[in-house]
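K.L.:
Based on what follows, work out the 3D shape:
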Amino acid sequence: MVEATADRAALDRDFMRQALAFGARGQGTTWPNPCVGALVTQDTADGPVIVARGHTQPGGRPHGEANAFDRAGPNAAAGGTLYVTLEPCSHRTIRAATPCVERTILAGVRRVVAAMADPNASGLAAYPVDTYGAIIDLRYVNTGSLDVAGLDASAAWKTTVKGDPLALNASLSWLTRYERKLTPTSAKTPLAGQAGYPADLRARITASWTHGPALVTTSVNHVGDLATESGRRIAPWTTVDLQGRWRGEVLAARNLTLTLNVQNLFDQDPPFYDNPLAIGYDPANADPLGRMISLQLTKTW
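P.N.:
Just a heads-up that it's a prediction; the model follows:
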């Protein structure tokens, strides 16, 4: 058991940083509600452990605390500590959702660490003063920063095959640093190559062959392996695209262009990721739609 000492304060700061990072996953999707992150921890003989994480879901509900309690399951939060980036709401709405204050009490949480007070709170003294382990002022969150560095490289080569032009192109992006700071004094969080953030390696090789009025282009796309928050590896992903284009005329119709596009030619599934959103892949770096075929006919005047 960790006592309320300087060690506890340091742990509070660390867990709050994690709650802030987790809550940021909902940025831009939770209107009209704020994006809130929440962690539930339990003290063990080896120190506190996280038993559940949550953040405000798209559309503004469930709230971050409710999402964490739902993931924790029955009785998992009893006697534990709730870290939340915004004071749990205490008012009911016309949607009749249970306020997060009531959810917290029903879950049996022993201690609450909130980053800031709820500016829309409609009930005072919802918790005794000594319930809060820490109140951290994060009103100036717009002073955060993002430090990005990397290397972009490209190469091109042209030749002929039996008199027909062949063009080869290659490009590579290597993200060496992608670090975020939520406030000027907070620690940098490295995010390059982590699920939900830009992949640290992307590459593409393209070959285009022209034969009379026809053009055939093949592209190989590669996304490097990623890591989850817990350090588990997500496999790399390689796909092939194909495009065929013909220009000419049919009967009296001139200036015609017929284009066939095939994305993900071999229908490669994205690598599995045990996403907290329960979708089984990383939407920031993969697409689950599989093979896509389109045919387009264009006439110009």
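
K.L.:
show me what contacts the nearest residue to residue 228 once chain neighbours are set aside?
P.N.:
In space, residue 228 comes closest to residue 195 once its chain neighbours are excluded; the distance is 5.2 Å by CB to CB, 6 or more residues apart in numbering. All C-beta atoms are positioned from the backbone trio N, CA, C, and that covers glycine. By CB atoms under 8 Å, 6 or more residues apart in numbering, residue 195 lies in contact with 226-229, 234, 273, 275, 282, 284-285.

K.L.:
how about the strands of the stretch 51-200 of the chain, start to end?
P.N.:
For the stretch 51-200 of the chain, strands defined by DSSP state E, counting those that start in this stretch occupy the ranges 81-84, 111-114, 132-135, 145-161, 164-181, 189-190.

K.L.:
show me what contacts residue 201?
P.N.:
172-175, 193, 222-224.

K.L.:
same question, residue 146
P.N.:
Neighbours of residue 146 in contact, by CB under 8 Å, 6+ apart: 178-181.

K.L.:
least trustworthy helix or strand in the protein by mean pLDDT?
P.N.:
strand 132-135 (a mean of 55; mean pLDDT, DSSP states H and E).

K.L.:
circling back to that earlier point, from the contacts of residue 195, which would you call buried?
P.N.:
For those, a burial check counting by 16 or more other CB atoms under 10 Å picks out 226, 228, 234, 273, 282, 285.

K.L.:
and the fifth one, which of the three is it?
P.N.:
Right, residue 282. coil (DSSP: H, G, I helix; E, B strand; the rest coil).

K.L.:
Pop the domain breakdown of the protein in here.
P.N.:
6-139, 144-299 (automatic domain parsing).

K.L.:
thinking again about what came up before, out of the contacts of residue 146, grab the one that's most surrounded.
P.N.:
The residue in the contacts of residue 146 with the most neighbours, by other CB atoms under 10 Å, is residue 178 (20 neighbours).

K.L.:
Count the neighbours of the closest residue to that residue other than its chain neighbours for me.
P.N.:
In space, and not counting its chain neighbours, residue 178 is closest to residue 192: 3.8 Å by CB to CB, 6+ apart. Counted by other CB under 10 Å, the residues lying close to residue 192 total 20.

K.L.:
Check residue 172 too.
P.N.:
Neighbours around residue 172, by other CB under 10 Å: 15.

K.L.:
Find the pair from the buried ones among the contacts of residue 195 with maximum spatial separation.
P.N.:
Greatest spacing in the buried ones among the contacts of residue 195, by CB to CB: 228 and 285 (12.4 Å).

K.L.:
so how far is residue 269 from residue 218?
P.N.:
Distance from residue 218 to residue 269, counting by CB to CB, to the nearest Å: 20 Å.

K.L.:
Over to residue 50?
P.N.:
30 Å.

K.L.:
Could you do residue 220 as well?
P.N.:
Applying CB to CB to residue 220 and residue 269 gives a distance of 17 Å.

K.L.:
still on that earlier bit, which residues does the residue nearest to residue 178 contact?
P.N.:
Contacts of residue 192 by CB under 8 Å, 6+ apart are 175-179, 198, 200.

K.L.:
so of the contacts of residue 195, which ones are in helices?
P.N.:
Members of the contacts of residue 195 lying in helices (criterion: DSSP state H): none.

K.L.:
Closest one of these to residue 35?
P.N.:
Closest to residue 35, out of all of the contacts of residue 195 and judged by CB to CB, is residue 284, at 16.2 Å.

K.L.:
so the closest one sits right up against residue 202, yeah?
P.N.:
No - assessed by CB atoms under 8 Å, residue 284 is found out of contact with residue 202, at 12.0 Å.

K.L.:
Please name the bridge partners of the residue nearest to residue 298 when sequence neighbours are not counted.
P.N.:
Once flanking residues are discounted, residue 298 sits nearest to residue 257: 4.3 Å by CB to CB, 6+ apart. Judged by DSSP bridges, the bridge partners of residue 257 are residue 247, residue 298.
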